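Undergrad: sequence first, then the predicted structure, then my questions.
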Amino acid sequence: MTQAVEQPPAHPAPAAPQPAPATARRALRLPGFTLAAPAWLWLIGFFLAPVSLVLWYSFGEKPGLFGTHSNEVLSLDRYGEALEADYLPTFVNTLRIAVLGTLICLVIAVPFAYWLAVKVDPRWRGVVLGLVMVPYWTNFLVRPLGWPVILSPEGWVSGLLQDVGLRDEPLAVLYTRGAVQLGVVYNYLALMILPIYVAFDRIDPALREASRDLGANRWRTFTRVSLPLAAPGVAAGLVLVFIPLMGDYVTATVLGGAKGTMAGQLVASQFQTAQNWALGSAMAVVLIVFIGVTVAFFAIAWTSVRAVVRARTRLVVPERAA
Amino acid sequence: MRGPATGAAAPARARRTRRPDAANAALAAWGVLVLVFLFLPIVFIVVQSFNAGRLLLIWDHFGTGAYRRALSDPAIRGAVGVSLRAAAGASAIATVLGTLAGVALARRAGRWVVPFLGILGLTLVTPEIVDAVSLLPWFVWLGTDANLSLFNNGLARLVVGHSLFATAVVVFIVRARVQGLEESLEEAAADLYATPWRRFLDVTVPLMAPAVLAGALMAFTLSLDNTIISAFVQVSGSTPWPVYVFSALRSSLRPEIAAVSTLMLLLTLVALGLVALVLRRSGESSRDIAGAMTGA
């Protein structure tokens, strides 16, 4: 009954009403980027414009004692100054801590992420993932702050080691490069674990089973099936850890004292204490160049190693008669 | 008949023996060790917050005095208040801008996408210290030379500074979610004569709500966390909590800092639990949640 009533208008409909909403929609149709325009303008106004200004300052100089910057005379001298013997070791030191820190994070994260994605009972996976996230979500500054409590010469660990007789004198790890290295690994580990976990979790378990059925042992299955399939996650983790690590100087200040100086600290002090915005700007640009060159270097190394490995391990499937 | 029979028996045996073997035990031990490593400093901070002594690093005896002193200290209360207000503002801006842009990227992609993704990518990969040193002269210029006195306000500066990275994060979280939604649902609504606006409000918004919520919380915590940009753009009277702690490092660390940190940890845990609950009720898997949070 109801069907019979509704049916008649439904049939001629495709011909007549169809164009009507289409034209109505076309009249309202704004260009595709309309909704993105506010975010676009916001980022241009408060990110692109200020960063461009810093780039411009880096070609200038510090005019006299009380000025911060002047672009009357344009030169590349500030870059020369930033790369002089006074500052260059700090950039190299920062690069070393960042590269080493990123690699340590990788070595810790890969087995952990694999364990979490493959071995942990699916019911507990969310909980373990939450446990990884909690330290990451707690305050950036508080995370490294826990380490001085642990490592301080008057702290618990130091006392315990002395009581047990493993050490004669108080622990002297705090304010060394080792402490800074530990702190940065701790600070950014979650950023490495999460993308690698997601990548391992996306792999169809059938692929691992197929590899086993074809006679590969577990190590071979891991290195030849799971790890290559998780490569995008590994790459994302490397970038997510390396870039903020290069700019981080807070962790180094907390755990390294004066010895753990990082490039970020150099830039900050030029703006905050030395009031030399031109030199500080040049240092900021140098920092970005260091990051860009390192990422590009590893990206090229990665793709060429992969190409070589692929060429050498190419599986030739014997052709069969169809 | 022999072939398939042994073939079936071998994996079964392998599966049985795989449970307790050395490699799995080593992996599990590694997993537990990593979790211990991640929680060790937090446990120590919580323990130290009950230190009744005057110095954070030296344990005296048990007491809750640090909490009482922290809650009554006007400087600490002010700093936490500034942090919470800046986080609310930055999160609101990042969520609105990021959600709109995420929807546009997922549904109305065109040639404009390339430069837009370029600027988002730049925002994500620029180290915070560079943002910080760029924003300081920019705010000074806007506030004095351009006569926009809003940018002399410390809170406004913090909100703007914290919203940049967060906006890019929200864009990617929302885009991933909307791309995963069937466009046919919106088309069905259109065929039923819903206007574009109704379609967006009644179909798209409820479906993408979990991602928007995850993005908003992410933006909120990113802002609470922010130390470097804050240290540069703050003006006196609007010192946020992380900068307060950072400057306390230079003088002396007191147990009050551990007490407030513990309280903020509890707050974060509650917020995280709520979001996990909402995401789970909307049928999100743990992988989706992790993916959304890292933008992967």
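TA: Right, received. Where do you want to start? Numbers count the residues shown, from 1 in each chain, chains lettered A, B, ... in the order given.
Undergrad: mind telling me which residue of the stretch 51-200 of chain B is nearest chain A?
TA: Going by Cβ to the nearest Cβ, chain A is nearest to B:Pro127 of the stretch 51-200 of chain B, at 2.5 Å. In short, each C-beta sits where N, CA and C put it, glycine included.
Undergrad: residues near B:Arg250, how many?
TA: 8 (other Cβ atoms under 10 Å in any protein chain shown).
Undergrad: same deal with the one 4 residues further on?
TA: If you count neighbours by other Cβ under 10 Å, B:Arg254 ends up with 20.
Undergrad: right, and it touches B:Ala248 too?
TA: Yes: look at B:Arg254 against B:Ala248 with Cβ atoms under 8 Å: they come within range, at 7.3 Å.
Undergrad: any idea how far the residue of the stretch 51-200 of chain B closest to chain A is from A:Ala263?
TA: 9 Å (Cβ to Cβ, to the nearest Å).
Undergrad: can you check B:Val96 too?
TA: Taking Cβ to Cβ, one finds B:Val96 at 35 Å from A:Ala263.
Undergrad: the more surrounded of these two?
TA: For the pair B:Val96 and A:Ala263, the greater number of neighbours falls to A:Ala263 (30 against 18), based on other Cβ under 10 Å.
Undergrad: what's that one in contact with, if anything?
TA: A:Thr90, A:Phe91, A:Thr94, A:Met246, A:Gly247, A:Tyr249, A:Met283, A:Val286, A:Leu287, A:Phe290 (Cβ atoms under 8 Å, 6 or more residues apart in numbering or on different chains).
Undergrad: on the three-state scheme, the third one is what?
TA: Using DSSP: H, G, I helix; E, B strand; the rest coil, the secondary structure recorded for A:Thr94 is helix.
Undergrad: that one: neighbouring residues, count only.
TA: Neighbours of A:Thr94 under the rule other Cβ under 10 Å: 26.
Undergrad: can you show me the CA trace of stretch B:228-244 as PDB?
TA: Output of stretch B:228-244 as PDB, limited to C-alpha atoms (Å, rounded to 0.1, in the frame of the first residue of the first chain):
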ATOM      1  CA  ILE B 228      60.700  26.800  24.800                       C
ATOM      2  CA  ILE B 229      58.200  29.000  22.900                       C
ATOM      3  CA  SER B 230      56.700  30.100  26.200                       C
ATOM      4  CA  ALA B 231      60.100  31.100  27.700                       C
ATOM      5  CA  PHE B 232      60.600  33.500  24.700                       C
ATOM      6  CA  VAL B 233      57.100  35.000  24.200                       C
ATOM      7  CA  GLN B 234      55.900  35.300  27.800                       C
ATOM      8  CA  VAL B 235      55.800  38.700  29.400                       C
ATOM      9  CA  SER B 236      56.200  39.200  33.200                       C
ATOM     10  CA  GLY B 237      53.000  38.300  35.000                       C
ATOM     11  CA  SER B 238      52.100  35.600  32.500                       C
ATOM     12  CA  THR B 239      54.700  32.900  33.300                       C
ATOM     13  CA  PRO B 240      53.300  29.500  32.500                       C
ATOM     14  CA  TRP B 241      54.100  26.500  34.700                       C
ATOM     15  CA  PRO B 242      56.900  24.900  32.700                       C
ATOM     16  CA  VAL B 243      58.800  28.200  32.500                       C
ATOM     17  CA  TYR B 244      58.300  28.600  36.300                       C
END
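Undergrad: tell me the buried residues in that stretch?
TA: Neighbour-count burial for stretch B:228-244, counted by 16 or more other Cβ atoms under 10 Å in any protein chain shown, picks out B:228-234, B:238-244.
Undergrad: let's see which of those residues end up in helices.
TA: B:Ile228, B:Ile229, B:Ser230, B:Ala231, B:Phe232, B:Val233, B:Trp241, B:Pro242, B:Val243, B:Tyr244 (DSSP state H).
Undergrad: these: which two are farthest apart?
TA: For those, the maximum inter-member distance is 15.9 Å, found between B:Phe232 and B:Trp241 (Cβ to Cβ).
Undergrad: count the residues that sit near the residue in the stretch 1-150 of chain A that chain B sits nearest to.
TA: Minimum separation of the stretch 1-150 of chain A from chain B (Cβ to the nearest Cβ) falls at A:Gly146, amounting to 2.2 Å. When neighbours are defined as other Cβ under 10 Å, A:Gly146 has 26 of them.
Undergrad: hang on, A:Gly32 packs against B:Leu105?
TA: No: between A:Gly32 and B:Leu105 there is no contact under Cβ under 8 Å: 9.2 Å.
Undergrad: more neighbours, those two?
TA: B:Leu105 (26 against 16).
Undergrad: and the closest residue to that one other than its chain neighbours, how many neighbours does it have?
TA: Residue nearest to B:Leu105 in three dimensions, not counting chain neighbours: B:Arg175, with 4.6 Å by Cβ to Cβ, 6 or more residues apart in numbering or on different chains. As a burial measure, B:Arg175 scores 25 neighbours (other Cβ under 10 Å).
Undergrad: and B:Arg175, what does it touch?
TA: Per Cβ under 8 Å, 6+ apart, neighbours of B:Arg175: B:Gly102, B:Val103, B:Leu105, B:Ala106.
Undergrad: hang on, it is in a helix, isn't it?
TA: Yes: B:Arg175 forms part of a helix when assessed by three-state DSSP.
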